[in-house]
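A.B. asks: Fold the following.
(one chain, ligands or ions: 1)
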Amino acid sequence: MTTTPGRRIAAGEAPDDVLVRVDELRRRIRYHADLYYVGNTREIPDADFDSLMAELRALEQLYPSLADPTSPTRTVGAPPSVLFAAVTHDVPMMSLDNAFDLDELRAWEARAASRLDGPAGPYVCELKFDGLAISVRYEHGRLVRAATRGDGRVGEDVTHNVATIGNVPHTLGADAPEVLEVRGEVYMAISAFERLNEAREAAGEARYANPRNTAAGSLRQKDPKVTAERELSWWCYQVGMVSGGPEFRRHSETLEFLAGLDLPVNDAWLLARDLAAVEGYVRGAEQRRHDHDYETDGVVIKVDDFGRQAELGATSHHPRWAVAYKFPPEEKTTKLLAIQVSIGGKGKATPFAELEPVFVGGSTVQMATLHNEDQVKAKDVRPGDVVVVRKAGDVIPEVLRPVLSERPEGLPEWVFPEFCPCPNRSPLVREGDDAAHHCRHPQCPAQQAGGIEHFASRGAMDIEGLGEKNVRLLIREGLIADVADVYALEEADVVSLETFGPKKARNLMAGIEASKERSLARLLFGLNIRHLGGAVGEFLADAFRHLDDIVAAPTERLAEVDGVGPTIAASVRAFFDDPDNLAVVEKLRAAGVNFAGPPPAADESGAGEALPATLEGKSVVVTGTLENYSREEAAAAIAGRGGRSPGSVSGSTTAVVAGASPGASKLRGAEKLDVPVLDEAAFEHLLETGELPPKAAG
Ligand code: IVH
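C.D. replies: Below you'll find the model as predicted:
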């Protein structure tokens, strides 16, 4: 295909009127951003702000000579972490070493005793609350600052948000020391979480996944009014800096002192004389784990005596005088109602378990992927079985095994369906040594739906409101059949459909409109070309800088791009040789979807350099099989953004990305070192923004 004249205005020097307009846009955006992010107020609706930004972005894309690293397109609307000022903790907020069973707990004690040449006890045992650590500083009895833990040394200022929490006192009594830093855990009570979700459901909004992530998200709101509505609470369990007050000799004295100041100290703590008493506490806490209106994920054991604490000291990231005993990942049994197969956008048939809903590991689970035929066979799970389900923290729910003693007699083995569930009933085939089955029918509506869902997904065009359910509804109603039809939707068509009301219809329209501005890399990824993952999308966008040039490129030229091998090149070529796909491209163009790539990077030596350095200084470990990235692509995507992707988890790992069949040792490493585990969507968010999604997700 040749380049149509007039479609792209030549990207030369910007004319004077454009320079003036760009200046004005940057000034206005900075002004409104300051009002919003610093002053917490606004003069214009968000939509107007967004359109100023969209106009500026479009002009900057059109005239690469306007590129400026200080432009609001690069600095404003940054992830919340830079919206909250940095706070350096006077006393670092260390994390804790973990013990996963009683043997590890005993080993911890033995190490402490051998360093001290004698027993380290007595110990204070406390519940380990599952929330978000904060430090609240009082000066002369008045709350002056609250900060998150951050990296332990520097956290974020969340004073305005913490001040809205009902049981955080703004003033302490006359006994308060001159300076008192109180450390504790912000959490959302389970009952408050349920109320919030009920309200969201009633308003037609999606439920939140679990109390912890919801509490974390609530604390990081830009608008304290939102935090105030969220019914958060905190438990205090530790003092940081104290001056001008009583001298404490034991941790237990500080807990009593804090409680005496009417600070909320959970009274389930115990002064345990020796390890036998600690073990008794641990067993009891685990048994009573679900009796509280808040979530606990273990027990924290602290050496009571401050002299001994000082002698034991700390490693670079945790004290030797305390340890967190982690409850084992929760396992529950439930009924396996059926094994269904879902067809992805590229025709991949993935079996998944439909479960009787069960609350496990902090959220309700009713579906779990079974990955492929081999996994189902290896686990020998059959529809009708009672199965054991596990979910540890943010990790994806997993069906572990059947309870054989409860298997009804003669329960048949599950067999992989021969045909696609779509009306074409085309065969599901397993090719070569691939463990996955595929439907290869070009007009498979299941693929069609998967393809549109993929196009709208977070890593691609990110169209809010266009999830699985709505895509299927719109297809059923005959309103869309391919990705480009999304742009022909009209509010009037949508508003009358079940599940849409005026508000949702309007939001969907706004989401669709905003998606027209997405990057070329996202568009390429969204087109769902076989073998083309997110990273390849970036490489192609950087190398060609316009969709038309990719559409026109011969296979050899495509294969020359770093990170694009012959298989991917052939697949891209085949995609754009298909007249149906070309028709979609033309419809997208007519709808005004952005086809232009990023402006050339200052240094043209490598494609990766054009990517924003969102992962500078970060290290991300990838384990298991991802849907959209091969291992190499994932590594390239991380490296392209300035990050590292080592093969094992360490204290400096930012996150572990877990695909299908992740490595157990890496997950365990992540758990032990308190490193978040991300699914693929969260990984894409991380690549994009450098931030762990608030739902880190959930
Ligand atoms: S004491 C140096 N006590 O667990 C000691 N932490 O895995 C600092 N946590 O970052 C922490 N309940 O967010 C302590 N009773 C408790 C706790 C607790 C929950 C959290 C806290 C900490 C993390 C460490």
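
A.B. asks: Check the contact between Arg641 and Leu687; I expect there is one.
C.D. replies: Yes - with contact defined as CB atoms under 8 Å, Arg641 counts as touching Leu687 (6.1 Å). Backbone N, C-alpha and C define where each C-beta goes, glycine included.

A.B. asks: Overlap of the contact sets of those two?
C.D. replies: Common contact partners of Arg641 and Leu687 (CB atoms under 8 Å, 6 or more residues apart in numbering): Thr614, Leu615.

A.B. asks: More neighbours: which of these two?
C.D. replies: More crowded of Arg641 and Leu687, by other CB atoms under 10 Å: Leu687, with 25 against 21.

A.B. asks: Now do the same contact list for that one.
C.D. replies: Going by CB under 8 Å, 6+ apart, the list of residues near Leu687 reads Gly534, Thr614, Leu615, Ala637, Ile638, Arg641.

A.B. asks: What pLDDT does the model give the fourth one?
C.D. replies: pLDDT, Ala637: 85.

A.B. asks: What's the local residue count around it?
C.D. replies: The burial count for Ala637: 30, using other CB under 10 Å.

A.B. asks: Kindly report the same for the first one.
C.D. replies: One way to gauge burial is a neighbour count; for Gly534, by other CB under 10 Å, it gives 24.

A.B. asks: In contact with the closest residue to Ala189 other than its chain neighbours, which residues?
C.D. replies: Excluding the flanking residues, the one nearest Ala189 by CB to CB, 6 or more residues apart in numbering is Asp293, at 4.8 Å. By CB under 8 Å, 6+ apart, the contact set of Asp293 is Ala189, Ile190, Ser191.

A.B. asks: looking at this, Asp293 is in a helix?
C.D. replies: No - using DSSP: H, G, I helix; E, B strand; the rest coil, the assignment for Asp293 is coil, not a helix.

A.B. asks: now, which of the contacts of Asp293 lie within helices?
C.D. replies: The helices, defined by DSSP state H, take in Ile190, Ser191 from the contacts of Asp293.

A.B. asks: for the contacts of Asp293, which one is nearest Lys672?
C.D. replies: Ranked by distance to Lys672 (CB to CB), the contacts of Asp293 are led by Ile190 at 26.3 Å.

A.B. asks: per-residue pLDDT, that closest one?
C.D. replies: pLDDT, Ile190: 93.

A.B. asks: If you tally nearby residues, what's the number for it?
C.D. replies: When neighbours are counted by other CB under 10 Å, Ile190 comes out with 17.

A.B. asks: Now do it against Val87, distance only.
C.D. replies: Noted for Ile190: a distance of 30 Å to Val87, by CB to CB, to the nearest Å.

A.B. asks: Pick out the residue in the stretch 1-150 of the chain sitting closest to the ligand.
C.D. replies: Taking CB to the nearest ligand atom as the measure, the stretch 1-150 of the chain has Ala133 as its residue closest to the ligand, at 3.2 Å.

A.B. asks: ok, then the element right after the lowest-mean-pLDDT helix or strand in the chain?
C.D. replies: Counting by mean pLDDT, DSSP states H and E, the chain has its least confident helix or strand at helix 72-75, which shows a mean of 74. Counting by DSSP states H and E, the element after helix 72-75 in chain order, helix or strand, is strand 86-88.

A.B. asks: Name the residues of that next one that are buried.
C.D. replies: Residues Val87 are the ones in strand 86-88 that count as buried (16 or more other CB atoms under 10 Å).

A.B. asks: Just the pLDDT for Gly651.
C.D. replies: 80.

A.B. asks: Would you mind naming what in the stretch 301-450 of the chain lies close to the ligand?
C.D. replies: With CB under 6 Å from any ligand atom as the criterion, the stretch 301-450 of the chain meets the ligand at residues Pro319, Ala322, Ala324.

A.B. asks: can we see that at 8 Å?
C.D. replies: Lys302, His318, Pro319, Ala322, Ala324 (CB under 8 Å from any ligand atom).

A.B. asks: do the same with the stretch 101-250 of the chain
C.D. replies: Proximity of the stretch 101-250 of the chain to the ligand is confined to 126-133, 149, 183-185, 235, 237-238 under the rule CB under 8 Å from any ligand atom.

A.B. asks: Of these - the most surrounded one?
C.D. replies: Greatest neighbour count in those, by other CB under 10 Å, goes to Glu126: 26 neighbours.

A.B. asks: who does it bridge with?
C.D. replies: Judged by DSSP bridges, the bridge partners of Glu126 are Val300.

A.B. asks: So it sits against Ala268, correct?
C.D. replies: Yes - applying CB under 8 Å, one finds Glu126 in contact with Ala268, separated by 7.4 Å.

A.B. asks: is it true that Ala113 touches Arg106?
C.D. replies: No - under the criterion of CB under 8 Å, Ala113 is not in contact with Arg106, lying 10.3 Å apart.

A.B. asks: mind showing which ranges of the stretch 351-500 of the chain have poor pLDDT?
C.D. replies: 392-395 (pLDDT under 70).

A.B. asks: Kindly report the same for the chain.
C.D. replies: Applying pLDDT under 70 to the chain flags the ranges 1-12, 34-43, 46-47, 75-83, 392-395, 600-611, 693-698.

A.B. asks: Filter the residues of the stretch 101-250 of the chain next to the ligand down to the ones in strands?
C.D. replies: Glu126, Leu127, Lys128, Phe129, Leu132, Ala133, Arg183, Gly184, Glu185, Trp235, Tyr237, Gln238 (DSSP state E).

A.B. asks: ok, back up a step: got the contact list for the residue nearest to the residue of the stretch 1-150 of the chain closest to the ligand when sequence neighbours are not counted?
C.D. replies: Leaving aside its chain neighbours, Ala133 sits nearest to Arg149 (4.3 Å; criterion: CB to CB, 6+ apart). The contact partners of Arg149, taken as CB under 8 Å, 6+ apart, are Met93, Ser95, Leu132, Ala133, Ile134, Ser135, Gly155.

A.B. asks: Reformat those residues as a markdown table; add distance to Lys379.
C.D. replies: As requested, the contacts of Arg149 are exported to a markdown table (distance: CB to CB, whole Å):
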| residue | distance to Lys379 |
| --- | --- |
| Met93 | 41 |
| Ser95 | 34 |
| Leu132 | 35 |
| Ala133 | 37 |
| Ile134 | 41 |
| Ser135 | 45 |
| Gly155 | 43 |
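
A.B. asks: follow-up on the earlier one: could you identify the most distant pair in the residues of the stretch 301-450 of the chain next to the ligand?
C.D. replies: Greatest spatial distance in these: Lys302 and His318, 12.0 Å, computed using CB to CB.
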